[in-house]
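A.B. asks: My questions concern the predicted model and sequence given below.
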Protein chains: 2
Amino acid sequence: MHTLELAKPDGRGLTLYSRRPIDPALQAPSPFPEPLAGSPHLRWHPLRGEWVTYAAYRQGRTFLPPPEYNPLAGTTDPANPTEVPAGSWDIAVFDNRFPSLARPAGGDAPPQLIVPTRPADGHCEVVVFTQDPRSSLGALPPDHIDLLMRVWGERTQRLARREGIRYVLPFENRGVEMGVTLHHPHGQIYAYPVVPPVPARMQQVAAEHHAQHGRGPLAALIEGERRDGRRMLYQGPHAVAFVPVCARYPYEVWVAPVRPVEGFAQLQDAERADLARALKTVLLKYDGLWQRPLPYLMAWYQAALDGQPHPEAHLHAQLYPPYRTRDRLKYLAGTEIAAGLFAMDALPEDKAAELRQVEVGF
Amino acid sequence: MHTLELAKPDGRGLTLYSRRPIDPALQAPSPFPEPLAGSPHLRWHPLRGEWVTYAAYRQGRTFLPPPEYNPLAGTTDPANPTEVPAGSWDIAVFDNRFPSLARPAGGDAPPQLIVPTRPADGHCEVVVFTQDPRSSLGALPPDHIDLLMRVWGERTQRLARREGIRYVLPFENRGVEMGVTLHHPHGQIYAYPVVPPVPARMQQVAAEHHAQHGRGPLAALIEGERRDGRRMLYQGPHAVAFVPVCARYPYEVWVAPVRPVEGFAQLQDAERADLARALKTVLLKYDGLWQRPLPYLMAWYQAALDGQPHPEAHLHAQLYPPYRTRDRLKYLAGTEIAAGLFAMDALPEDKAAELRQVEVGF
């Protein structure tokens, strides 16, 4: 893995990653001439017992981009700088210009309110998956996806060294149905100063399972899913993908290494290569299902960064496409949002059968 | 409150409620001639430590309704029966024909799977707020909303007497943005055989707060919001409405009685009347904000039904409109769905100021 670390004119960081050597003369552009303004803060939600982050940035941009402007394409016109340079690289990671979590130099103190507050001193990064604006994560070659998994691991380790970071979540929101209007393949990495509610709950549940059974719940589930077989979408030597028996979204899929590891950085080369093939298989099945790009949320869960060993942790992705059928969205409403108890009108076995029938080859 | 209990031809229950006497000759129609088929079941989610409910009903209907068919309007053409009779009533409650939770007579046993399963033996009801298909909850007179709150209390008590019911959640999904295509004013009531994840978490947090401070967190927050004042939308003798300091949605509002009570049935008449005025104020402000019906999810949280006293519980509604601005939706994506840590790009103080400026009179 070749890397080149750069600084943008407005102070934000940019790192380029590639399978091949990177031209050291590349420079980091920015659409924004001035440094970041605004200090996000956290407020305590006393009923849910969790933090909420607030970041009120100016909505107005400092320039009016041309209609076809793609901030994630390599800069070709210096009068219209983008977020990344053109040139020899595969993957780029840069600091989000409008972060929900950030520790700006000279930032404001959090406001004094009727609930506890604190600085939202995390970090938000954008990950450009490829220079090709018309590609997609699933369409990338396996060794490019493998590189992305190395990048996720490297970013996690780098963010873990920052003071106070407790959790790193790589994720991708894909499609207008997920609120994404920028179709250039990209994801994000959020580094939180707290363990967020969902990973915190999963860690607690997994730790109890591990204490009782000597292994985490995902390791047990993977064994069960392999034995059952009906919901499996990929079974490689080191990685699996399946519609979980407890899917909360009709086309929900989980992707995981068979061996429990805390995060991407703990994967062996053969494991990571197989995990990349598992992910590619799922994403190609998604797009093949209805012969169109399927929107989804994909989140990769790693262990919390609290200085403790986490033998109960098990790196994996959960993917949630927002569709129930070809033309009907699954809306999260009363029971899902307000009660947290998901209601499914389709069985995971049936949805898995649909995805199993989609042939993919690479 | 006048009531009339009826049974539909397919076996489902229907209860009519009114401020005035109800014609005892009214009969319960049903668009469906045959009884319910299908037995929903719960599956255990071993990573999140929660239940998910599965109900795979036939999608095909037994008849093709006319294009303008409104199943919640009173039946006027016996050849096209709806869910409710025409006649002298204000509010109707009937069993959902496609329930996510149900205990059908002679239902199937839950499937044997690689995770624990159990019957989803709860209950799902539809609440028709008014006979006027073009009205809305906020447009109803205060004493009609007061009646609805009595109905919510009566249904909760009735459902609590069923074996194994642990939680009752009245809610309303409003608007196509929430997945609702039927615009006749209506809500739903879910009665769960378990305490769902969100109320369970809130109960745990509230109990810890109560043990430490001698009162629940909502009572403390209401005192703080009243003292601060900036986010208050309604302050009556017995009820309040405000944008909470920890809002997770830009136009989130909470409505609550000042005195902590476990549920609707524990409200005194004067409290319920003021709570109805508080709710009406909020809903009129919502629709006045952009001079159009604002979609929202509204959930009313009551105490769990576990046979224990819950001095920490505090009946209240949380309302979540899905808009960030007049023309931009708030999408729940990576950090909200996957991490559970909500990110806001607006301050509750600013959104409260917008809502405070909307004049309402009734």
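C.D. replies: Yep, it's here. Numbers count the residues shown, from 1 in each chain, chains lettered A, B, ... in the order given.
A.B. asks: Show me what from the stretch 201-350 of chain A comes close to chain B.
C.D. replies: By the rule CB under 8 Å from any CB of the partner chain, the part of the stretch 201-350 of chain A lying against chain B is A:201-202, A:204-206, A:209, A:217-218, A:220-221, A:224-225, A:227-228, A:245-248, A:297, A:299, A:318, A:320, A:329, A:331-335, A:337-347, A:350. C-beta coordinates here come from the backbone N, C-alpha and C atoms, glycine included.
A.B. asks: So which of the residues you listed belong to strands?
C.D. replies: Within these, residues falling in strands by DSSP state E are A:Leu297, A:Ala299, A:Gln318, A:Tyr320, A:Leu329, A:Ala343, A:Met344.
A.B. asks: could these be laid out in CSV, adding neighbour count and pLDDT?
C.D. replies: Output for those, formatted as CSV (neighbours: other CB atoms under 10 Å in any protein chain shown; pLDDT from 0 to 100):
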residue, neighbour count, pLDDT
A:Leu297, 27, 98
A:Ala299, 24, 98
A:Gln318, 26, 98
A:Tyr320, 22, 98
A:Leu329, 13, 91
A:Ala343, 22, 96
A:Met344, 23, 95
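A.B. asks: Most widely separated two among these?
C.D. replies: Spanning the widest gap among those are A:Ala299 and A:Ala343, at 21.2 Å by CB to CB.
A.B. asks: residue contacts, the closest residue to A:Lys351 other than its chain neighbours?
C.D. replies: The shortest distance from A:Lys351 to any non-neighbouring residue, by CB to CB, 6 or more residues apart in numbering or on different chains, is to A:Pro250 (5.1 Å). When contacts are counted by CB atoms under 8 Å, 6 or more residues apart in numbering or on different chains, A:Pro250 touches A:Pro321, A:Tyr323, A:Arg324, A:Thr325, A:Lys330, A:Met344, A:Ala346, A:Lys351.
A.B. asks: Flag the least confident of the residues you listed.
C.D. replies: Across these, the bottom pLDDT score, 89, is held by A:Lys330.
A.B. asks: Spatially central residue in chain A, please.
C.D. replies: Centroid check for chain A by CA atoms, centre = their mean gives A:Phe171 as the closest residue, at 1.0 Å.
A.B. asks: Tell me if I am right that it is in a strand.
C.D. replies: Yes. Membership of A:Phe171 in a strand is supported by DSSP: H, G, I helix; E, B strand; the rest coil.
A.B. asks: give me the number of residues near the residue nearest to it when sequence neighbours are not counted?
C.D. replies: Excluding the flanking residues, the one nearest A:Phe171 by CB to CB, 6+ apart is B:Gly334, at 3.9 Å. Per other CB atoms under 10 Å in any protein chain shown, the neighbour tally for B:Gly334 reads 25.
A.B. asks: The one 5 residues further on now?
C.D. replies: Around B:Ala339 sit 23 other residues, with neighbours defined as other CB under 10 Å.
A.B. asks: what residues are up against it?
C.D. replies: A:Tyr167, A:Leu169, A:Tyr190, A:Tyr192, A:Pro196, A:Pro197, A:Val198, A:Pro199, A:Ala299.
A.B. asks: please redo it, this time with the cut-off set to 7 Å
C.D. replies: Going by CB atoms under 7 Å, 6 or more residues apart in numbering or on different chains, B:Ala339 touches A:Leu169, A:Tyr190, A:Pro196, A:Val198, A:Pro199.
A.B. asks: mind listing which of those residues are in strands?
C.D. replies: Those of the contacts of B:Ala339 mapping onto strands are A:Leu169, A:Tyr190, per DSSP E.
A.B. asks: Kindly report the residues of the stretch 51-200 of chain A close to chain B.
C.D. replies: A:51-57, A:100, A:113-115, A:169, A:171, A:173, A:178-179, A:188, A:190, A:192, A:196-199 (CB under 7 Å from any CB of the partner chain).
A.B. asks: Buried subset of those, written for PyMOL?
C.D. replies: Only the buried entries of those go into this PyMOL selection, using 16 or more other CB atoms under 10 Å in any protein chain shown:
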select buried, chain A and resi 51+52+53+54+55+100+113+114+115+169+171+173+178+179+188+190+192+196+197+198+199
